[in-house]
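**Q** Generate a structure from the sequence data that follows.
(2 chains)
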There are 2 protein chains.
Amino acid sequence: MKAEIVAVGTELLLGQIVNSNAQYLSQELASLGIDVYFQTVVGDNTSRLKQAIQLAAGRADVLIFTGGLGPTQDDLTKDVVAEVLDRSLHIDRMAMDNIERFFKDRNVPMTENNRRQALSIDGATPLANETGLAVGNAIAEGGKSYILLPGPPNEMKPMFKQQVKPWIMQHVLTNESPIYSRMLKFAGIGESALETKLLDLIESQTDPTIAPYAKESEVTIRISTKANSQSAASSKLDVMEEQIASRLSEHFYANEDVPIEKTIVDMMTEQGLTVSCAESCTGGMLMQTITTIPGSATVFLGGIVCYSNAMKEKLLNVPHDLLEGENAPGAVSAETAKVLAEQVRMIVDTDFGLAVTGVAGPAYSERKPVGLVYIAISRRDGDTEVHELHLKGNRNTIRLRSTKTVLYHLWKQLKRNENQAGK
Amino acid sequence: MKAEIVAVGTELLLGQIVNSNAQYLSQELASLGIDVYFQTVVGDNTSRLKQAIQLAAGRADVLIFTGGLGPTQDDLTKDVVAEVLDRSLHIDRMAMDNIERFFKDRNVPMTENNRRQALSIDGATPLANETGLAVGNAIAEGGKSYILLPGPPNEMKPMFKQQVKPWIMQHVLTNESPIYSRMLKFAGIGESALETKLLDLIESQTDPTIAPYAKESEVTIRISTKANSQSAASSKLDVMEEQIASRLSEHFYANEDVPIEKTIVDMMTEQGLTVSCAESCTGGMLMQTITTIPGSATVFLGGIVCYSNAMKEKLLNVPHDLLEGENAPGAVSAETAKVLAEQVRMIVDTDFGLAVTGVAGPAYSERKPVGLVYIAISRRDGDTEVHELHLKGNRNTIRLRSTKTVLYHLWKQLKRNENQAGK
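**A** Below you'll find the model as predicted:
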C-alpha cells in the first residue's frame, strides 16, 4: 500500500510556511503501515495541480491532499480533483449550515465566496470540519483513494484523526492485518541519549518495531505490531513496553501520546494536590502550558507573572536586598527562584509552588549569560528544590525548555508520591 | 526561470523530520526572482530518485537537491544524478583533505565509507562544506542547472548563501530583474472579508501582484514586483501599500512580517506606556504572547492568572457578590472582566490593564456556553472598554482567538493615540 501526500499552496512554494502537514501525515501513515514514497508540493495553479494529481494517481494507491479548500479563487483543490475524476461538485448541506451558523453567531454578514467552503465532490464522503469551515472529502475510485483535507494544521489534524483514519481502515486496509501502535513518552532526556540506552533493542527488534521521534523537550517512541486482534497486539506491546520502561524509569511518563502536563494534571487530580506558579522569564508560558489541559482548574489555582523586579517585590515579597545592590544575587539567582516558589505557594495556598527566573535573551541581563535559568519547586511541609539550568537556543527555545524542565521535575516529585503510596 | 526543490531522504517520508530546507530554499529563490513550481520529497531509493530527477528536469530549469550526500550506502544523490547526466564521479582532492583533517584532529580513525563524502561529479563546480564533510556540486548542462546540497540545514544554508547564490547569479540569472516583496499584516478581520474589500485590486493587478494568506487570527498580504533596483521597486510597492491601507485602516498594523504583539510592544515603547494583564480562561497565554517579543520588559511589567474564583477575590479584589450567588453575574461576565482589568492596572500600576475571562471548554461553566468570552481594557484616566465575544473552535483556538482579540483592541487604542498625537 503506497501513499503520496500532495500539499497545495503557493505560500509553501514561496517559503512563507513550512510543510508540517506532510510530516504529520507521514507519521500517521507510517503508523498505519502505509508507505509514503513521495511528498509533493504544488502551487494554486490549475494545470500544474492537475499534472500533480495525475502523476500521483499513477504511482500511489492513496492520495492525500492538504490545502486549497478555502473560500478564495485561489483555492482550487476540489475543482481540479473533481475535473480529473470527471465528477461534479455540489453544496454539502451540513457544511453550509455550519458556515451560515458561524456568521450568524458572530452577527457578521457572510460573503458569497464562503459558499465555496461547503463544496463537496459528487459521491465523496464529506468530512466535517470541527475547527474551521471548509468541508473535507474522501473518495474511493478505481482502486485509488483521494482524500482532501484543509491546509491549516488545527483543522487538518482533528479531521485526519477522527474521520480519515477510520475511513482508511474501512475502505483501504480491508484485507490487511491492522497495525497496532502505542506511543511511549519520555521527558528529561534527549533523543540520542535515549536511543543509546535502547540501541540493542532498536537494532534487533523486528516485531514490535521501535521508532523514536523527537519533539522539542520530549521524546516519543512508537512501538508497532501487526496482529489479528487488539488483545494479541496488546500482549506483544506490553512485553516491549515493560522492557523499555525498566531501562528508562526516571523518564518514562506515559504510554499514550500526551504531553507531560496532561500526566501531571491527572496525577495531581488523583493525589488531590494543587499548584501555583511564579514566572519571570517564561512570562506566563508555564501556566499557559498547564491550562491547555481540560480539567486543569481542579489542580491549578492561579499564579503571578512578575516580569519586573518591582513586581517581584510587591506581589511576591522578594526582599529588595536580594534583587538589587552590588553583592545581591539578583533576580536571576537560586535565592530568588526559591523565594518566588515559596511565596507563590503561600499566597495562592497550594501544595506546590513553581518558579522560573532566567535570561531568555536575546540580550543578557544582570551581566548573566543568555540561557542561565533557575527553576524552583516548593512543596507544603517539604524542602524547596532548586535547579540551575544552562540552556541553548533562541528566546523561544529557552523559554520552552525552562517550562518543560520545571514540569519534568514536578512529575518526578509526583511519581515519588505514587511510589511511596504504593509501598 | 523555474526551479524545483528535490529533497532526498527516507526520514522525511517517515515524518521523522520536517522539510525546513524546502522552506528556506523557496524563500531564497523567491528573493532571486526564481519561481518554484514544485517541491518534491523522495526516499533513498535509486529508481524513484531517478524518476524524480527526470521529472524535475522536464519541468524546471534549476534543480536543487538536498540530502543524500553522506557517507552511507543510503546516500545516493550524487550517484544517481551522475547516472542521469551520463557522467562519472571522482574524488575531490580539497574535500578529501578536509575529511582526513577532520578525523586526524579528533584522533579518530577514518572509516572507508567517509571517502564517499568527497565524491564530485565530473565537470561540476565543487561546493566546499564549511560546517560538515560532504562536498556539494553545481552543474550546468543543456540549459539546466543541477545543484546538489547536503541535508543538514547547518551545512546546507551557509553553502547556499556563500557559494550557490553567486553561482546562480553568474550562470543562471544573467539577464533577469530580481523580485522585491513586501508583507502587509492585518488583524481583527478574516481572510475572506479582507479579500472581498480588495477583490477588484486582486483581480486587476498584475504588477505588483497581490497574494493574501491567512494564519490563525492574522491575515497577511504579500505584494511583489520585478524591478531593476530597490528604489524602483519601493515606489511601486509604496503606491500599492497606500491603496490597500486606505481601504483597511482599521486592520492594517504593519508592513513587515511581524505578529501584532511586536507592533504593540514597539508602539508602547514609542509612546512610553506600560501594560499588565489579569487572565482567567487564557491561563497566561496573553502574557506569554506579549513576552515572546524581545524588549517587552520595557512595557509589560507583570500580571496575574486568576484561574479560580478564590484567586479573583484574593488577588484582584473582585467582590464576592459579583462572582457567587443566585443573581450574581458570575466569573464569566462583563462586570467581572471590567473589575479584573481595572484592578490589575492599579495593582501593577500600569497605563493599561487587560483582562480575559470566559469559557474555553470543552466543558461549559456557570451554565454559560463554550466560546463565551469577555475581554476588557482599562486605561489610566479613561473609560474601560469591554467586549463580549462568541468564539468557535476547540479549547486552544478559543484561547488563542481571545488573546489575539484583546491585542487587536489594544492596538486600536494605541493607534488612536498615534493619530491624536499626529493632529
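
**Q** Every contact and neighbour count from this point should use C-alpha atoms.
**A** Fine.

**Q** Now do the same contact list for the residue nearest in space to the middle of chain A.
**A** By C-alpha atoms, centre = their mean, chain A has its centre lying nearest to residue A:259, at 7.4 Å. Taking C-alpha atoms under 8 Å, 6 or more residues apart in numbering or on different chains, we find residue A:259 in contact with residue A:185.

**Q** Could you check how far it is from chain B?
**A** Look at residue A:259 and chain B: by C-alpha to the nearest C-alpha, to the nearest Å, they are 14 Å apart.

**Q** Next, give phi and psi for that residue.
**A** phi -70, psi 160 (degrees, to the nearest 10).

**Q** just residue A:41 next, same as before
**A** Per degrees, to the nearest 10, the backbone of residue A:41 is at phi -120, psi 130.

**Q** my read: residue A:198 touches residue A:246, true?
**A** No: using C-alpha atoms under 8 Å, residue A:198 is not in contact with residue A:246; the gap is 10.9 Å.

**Q** who's more crowded, the two?
**A** Taking neighbours as other C-alpha atoms under 10 Å in any protein chain shown, residue A:198 and residue A:246 compare with residue A:198 leading, 17 against 10.

**Q** OK, contacts around the more buried one?
**A** Per C-alpha under 8 Å, 6+ apart, neighbours of residue A:198: residue A:244.

**Q** What is the subsequent helix or strand relative to the host helix or strand of it?
**A** Using DSSP states H and E, residue A:198 maps to helix A:191-204. Using DSSP H and E, the next helix or strand after helix A:191-204 towards the C-terminus is strand A:209-215.

**Q** Verify the stated contact: residue A:71 with residue B:194.
**A** No: contact criterion C-alpha under 8 Å: residue A:71 and residue B:194 do not qualify, at 11.6 Å.

**Q** Pairing partners for the worst-scoring helix or strand of chain A on mean pLDDT, with directions?
**A** Within chain A, no helix or strand scores below strand A:209-215, which has a mean of 76 by mean pLDDT, DSSP states H and E. In the sheet, strand A:209-215 lines up against strand A:218-226 (antiparallel) (DSSP bridges).

**Q** most distant residue from the middle of chain A?
**A** Ranked by distance from the centre of chain A (C-alpha atoms, centre = their mean), the top residue is residue A:326, with 44.0 Å.

**Q** now chain A, which segments are flagged as low pLDDT?
**A** Chain A contains residues with pLDDT under 70 at A:176, A:214-216, A:423.

**Q** Could you point out the longest helix of it?
**A** In chain A, taking DSSP state H as the definition, the longest helix is helix A:395-422.

**Q** Give me the distance between the residue nearest to the centre of chain A and residue B:34.
**A** Applying C-alpha to C-alpha, to the nearest Å, the value for residue A:259 to residue B:34 is 41 Å.

**Q** Likewise for residue A:51?
**A** Distance from residue A:51 to residue B:34, by C-alpha to C-alpha: 21 Å.

**Q** out of the two, which sits in the busier spot?
**A** Set residue A:51 next to residue B:34 and count neighbours by other C-alpha under 10 Å: residue B:34 wins out with 23 against 14.

**Q** tell me the domain ranges of chain A?
**A** A:2-171, A:180-254, A:260-422 (automatic domain parsing).

**Q** of all these, which lies closest to residue B:357?
**A** Nearest to residue B:357 among the domains of chain A is domain A:260-422 (13.3 Å), distances taken as C-alpha to C-alpha.

**Q** any idea how far stretch A:365-382 is from the chain center?
**A** What separates the centre of stretch A:365-382 from the centre of its chain is 26 Å, taken as C-alpha atoms, centre = their mean, to the nearest Å.

**Q** Quick check: buried residues in that stretch?
**A** A:369-379 (16 or more other C-alpha atoms under 10 Å in any protein chain shown).

**Q** Neighbours of residue A:20, how many?
**A** For residue A:20, using other C-alpha under 10 Å, the count is 16.

**Q** Distance check, it against residue B:29.
**A** According to C-alpha to C-alpha, residue A:20 stands 20 Å off from residue B:29.

**Q** again with residue A:211
**A** 35 Å.

**Q** what about those two, which has more around it?
**A** For residue A:211 and residue B:29, the more surrounded residue by other C-alpha under 10 Å is residue B:29, and the numbers stand at 22 against 16.

**Q** Can you give me every residue that contacts that one?
**A** When contacts are counted by C-alpha under 8 Å, 6+ apart, residue B:29 touches B:35-36.

**Q** Likewise for residue A:292?
**A** So residue A:292 contacts B:395-396 (C-alpha under 8 Å, 6+ apart).

**Q** Now do the SS call for it.
**A** At residue A:292 the chain is in coil, as set by DSSP: H, G, I helix; E, B strand; the rest coil.

**Q** same deal with the one 5 residues further on?
**A** Judged by three-state DSSP, the three-state class of residue A:297 is helix.

**Q** Show residues contacting stretch A:414-423.
**A** Here stretch A:414-423 makes contact (C-alpha under 8 Å, 6+ apart) with A:264, A:267-268.

**Q** rewinding a little: neighbour-wise, which of residue A:71 and residue B:194 wins?
**A** Legend: neighbour count by other C-alpha under 10 Å for residue A:71 and residue B:194, higher for residue A:71 (22 against 19).

**Q** The stretch 51-200 of chain A against chain B: which residues are in contact?
**A** Proximity of the stretch 51-200 of chain A to chain B, by C-alpha under 8 Å from any C-alpha of the partner chain, involves residues A:71-72, A:102, A:105-106, A:111, A:113-114, A:130-132, A:152.

**Q** switch to 6 Å and redo it
**A** Neighbours of chain B within the stretch 51-200 of chain A, by C-alpha under 6 Å from any C-alpha of the partner chain: residue A:131.

**Q** Alright, that wraps it up for me.
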